[in-house]
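[1] Sequence and computational prediction follow.
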There are 2 protein chains.
Amino acid sequence: MRASIALKPVLDAIGEQIDARFDRLLQVPEDPRARLYEAMRHAIIGGGKRMRPLLVVASCDLFHVDRERALRVAMAIEAVHCYSLVHDDLPCMDDDDLRRGKPTVHKAFDEATAVLTGDALYAIAFELLADEAAHEDPFVRAELVLELARASGPSGMAGGQAMDLAAEGARFDLPTTTRLQQLKTGALIGFSCEAGAIMGKAAPPIRMKLKGYARDLGLAFQIADDLLDVEGDPEAAGKALRKDEARGKSTFVSLLGVERARAQAEMLIDQAIGHLHGFGAEADLLRAVARFAIERDH
Amino acid sequence: MRASIALKPVLDAIGEQIDARFDRLLQVPEDPRARLYEAMRHAIIGGGKRMRPLLVVASCDLFHVDRERALRVAMAIEAVHCYSLVHDDLPCMDDDDLRRGKPTVHKAFDEATAVLTGDALYAIAFELLADEAAHEDPFVRAELVLELARASGPSGMAGGQAMDLAAEGARFDLPTTTRLQQLKTGALIGFSCEAGAIMGKAAPPIRMKLKGYARDLGLAFQIADDLLDVEGDPEAAGKALRKDEARGKSTFVSLLGVERARAQAEMLIDQAIGHLHGFGAEADLLRAVARFAIERDH
């Protein structure tokens, strides 16, 4: 086993780089749109683990993609992730007051602004990808857009959210719960890992390896989330916990029990790392992310 | 003055073509996402004037763009328009029960589904544009995405919506009201007209003409909307009317009065048609749209 990379400093560094770029991109205009921009900044600057941006950067590193371009794609994915959190936190959805240790957007601002903030961040994501600064080859830009639209739309994240709405009281079985999570969180994690292969114009078999890595990582990550939901401290997590059980939603823990869920997550992480076979030290960051996924306590 | 084209049959034909394509695209899956797809279909099939799709088709016709591709871009713009209506109708926004003569999505379904429906339609729009079926040249696809993202994001439609939230009770002056409408509805109308020039790879001066046409048309259209809001019949309009006044929002009618507003709309339509100088009969459809914009009674 290779020496493990300390992930926290890497995540922090990427977080700072992403924040600095969003700070420049989302300058508050001196007009009645100011409140919208303030809310967008509240939603995206200075919070979150930045796991998806890290996956983008790590997958881009495999193919020696220019770091500035990788960060641009990372910003796009983080914008989609944050838009989905803002909408998911709305009173008509999960009705959460706390996110990343701060009041949610509809609490700090208002519901209408929260709806628009999500919408505006979604637009920003596609603007970031379609701009020449993302990649000099327009084919790559169009492909990034296509894959992000699919990963976040009704065949991806939005579809997973719809399943999540239907899950309340439905006690989904394991295959349906797996499918739900593959759409709700897996699709975007998949795109984060595939982005490097798209940017680096990797051959299809290489791209498949990253897809496999992402599929296993995404599920392990969700199982770890479900474990944290049962065992975690809401203060450390910066959000409300133990809500799924109360709503009659199936989780990997309710379906498998704590011990089997943990074993399943560990097996998935081994599998995820297995997909990276053939890559050298340049994939150590992705390997470290996989291990981190089931070790984190928040 | 050229013979006027009867616009109603053209709008109806495009509406049918758009509906048939959305019917195929949005087949309801046999899984827990079914409700989301039903709601998307409710929001986009069989309703609305289809003014934006008509503008796309008409502007594409100027450059002999393949009709199937033009319809694809038209679908993308209609998807964005419909997503914005679904979110705009939400209780936390305009709180409307009726849209296009049908219950709004949050009434026919529920609020959470309405939020997701808007999000999912937005994703579909970018998926439609980024796919090879939209245009064989990836540069064109990336440019369509970039321009649509800008037109619908915080520098465009979403920014206009944010201004609209701030407008309540603020009694904006004429320049601010004009700016609000240019963002809220003008940006997407602008993209609808520019789309043909992008698809047809028109030279910049030609593209500028279409931008000018769209700018004037968009404002005239909004003034006509404001007039309709004061003078119209809610049943014929298929939506609630006379809400702006009650909320202390400025409109072109409250700022200018009915007579000056009407004169302004007519002047803008003359200007819009003026931008088409140099085009021959192939621009008659755009000319007819401009005249229709201030003659419609719903």
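    That came through, no problem.
[2] going forward, measure contacts and count neighbours with C-alpha atoms only.
    Fine.
[3] For the residue nearest in space to the middle of chain A, what is the enclosing helix or strand?
    By CA atoms, centre = their mean, the mean C-alpha position of chain A lies nearest to A:Arg52, the distance being 4.5 Å. Assigned by DSSP states H and E, A:Arg52 belongs to helix A:51-62.
[4] following that helix, which helix or strand shows up next?
    Next element after helix A:51-62 (DSSP H and E): helix A:67-88.
[5] So for that following helix, what gets flagged as buried?
    A:69-88 (16 or more other CA atoms under 10 Å in any protein chain shown).
[6] do the same with stretch A:255-272
    A:Val258, A:Ala261, A:Arg262, A:Gln264, A:Ala265, A:Glu266, A:Leu268, A:Ile269, A:Asp270, A:Gln271, A:Ala272.
[7] can I assume the second one is in contact with A:Val253?
    This points to A:Ala261. Yes: between A:Ala261 and A:Val253 there is a contact under CA atoms under 8 Å: 5.7 Å.
[8] Mind listing the shared neighbours of the two?
    Common contact partners of A:Ala261 and A:Val253 (CA atoms under 8 Å, 6 or more residues apart in numbering or on different chains): A:Ile223, A:Leu227.
[9] among the buried residues of helix A:67-88, which are within reach of chain B?
    Among these, the residues lying close to chain B (CA under 8 Å from any CA of the partner chain) are A:His87.
[10] Within range of chain B, give me the residues from the stretch 151-298 of chain A.
    For the stretch 151-298 of chain A, the residues in contact with chain B (CA under 8 Å from any CA) are A:Ser152, A:Gly153, A:Pro154, A:Ala158, A:Gly159, A:Gly160, A:Gln161, A:Ala162, A:Met163, A:Leu165, A:Ala166.
[11] for the stretch 1-150 of chain A, what spans make up the strands?
    Remark: strands assigned in the stretch 1-150 of chain A by DSSP state E, counting those that start in this stretch are A:98-99, A:102-103.
[12] Could you export those to a markdown table, including columns for mean pLDDT, mean neighbour count and distance to chain B?
    Compiled in a markdown table, the strands of the stretch 1-150 of chain A are given as follows (pLDDT from 0 to 100; neighbours: other CA atoms under 10 Å in any protein chain shown; distance: least, CA to the nearest CA, whole Å):
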| stretch | mean pLDDT | mean neighbour count | distance to chain B |
| --- | --- | --- | --- |
| strand A:98-99 | 89 | 18 | 19 |
| strand A:102-103 | 94 | 16 | 18 |
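[13] Let's have the ones you listed in JSON lines, adding distance to B:Ala220.
    Output for the strands of the stretch 1-150 of chain A, formatted as JSON lines (distance: least, CA to CA, whole Å):
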{"stretch": "strand A:98-99", "distance to B:Ala220": "43"}
{"stretch": "strand A:102-103", "distance to B:Ala220": "42"}
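[14] and A:Asp131, which of the ones you listed is closest to it?
    Minimum separation from A:Asp131 across the strands of the stretch 1-150 of chain A (CA to CA) falls at strand A:98-99, 30.4 Å.
[15] Each with direction, which strands does that closest one pair with?
    strand A:102-103 (antiparallel) (DSSP bridges).
[16] what's the offset of the partner strand from the middle of its chain?
    Strand A:102-103 has its average C-alpha position 19 Å from the chain's average C-alpha position, going by CA atoms, centre = their mean, to the nearest Å.
[17] about what we covered before: most widely separated two among the residues of the stretch 151-298 of chain A next to chain B?
    Within those, A:Ser152 and A:Ala166 form the most distant pair, 18.2 Å apart (CA to CA).
[18] Tell me the helix or strand right after the helix or strand bottoming out on mean pLDDT in chain A.
    Every helix and strand of chain A was ranked by mean pLDDT, DSSP states H and E. The lowest is helix A:234-237, at a mean of 68. The first helix or strand that comes after helix A:234-237 along the chain, using DSSP H and E, is helix A:252-256.
[19] related to what we said a few turns ago, nearest residue to the residue nearest to the centre of chain A other than its sequence neighbours?
    Counting by CA to CA, 6 or more residues apart in numbering or on different chains, A:Ser192 is the residue found nearest to A:Arg52 once chain neighbours are left out, at 5.9 Å.
[20] which non-adjacent residue is nearest A:Met93?
    B:Ala112 (5.4 Å).
[21] Now do the same contact list for the one you found.
    A:Cys92, A:Met93, A:Leu165, B:His106.
[22] Correct me if wrong: the first one contacts B:Ala114.
    No: no contact is recorded between A:Cys92 and B:Ala114 when judged using CA under 8 Å, the distance being 9.7 Å.
[23] higher neighbour count, these two?
    For A:Cys92 versus B:Ala114, neighbours defined as other CA atoms under 10 Å in any protein chain shown are more numerous around B:Ala114 (26 against 16).
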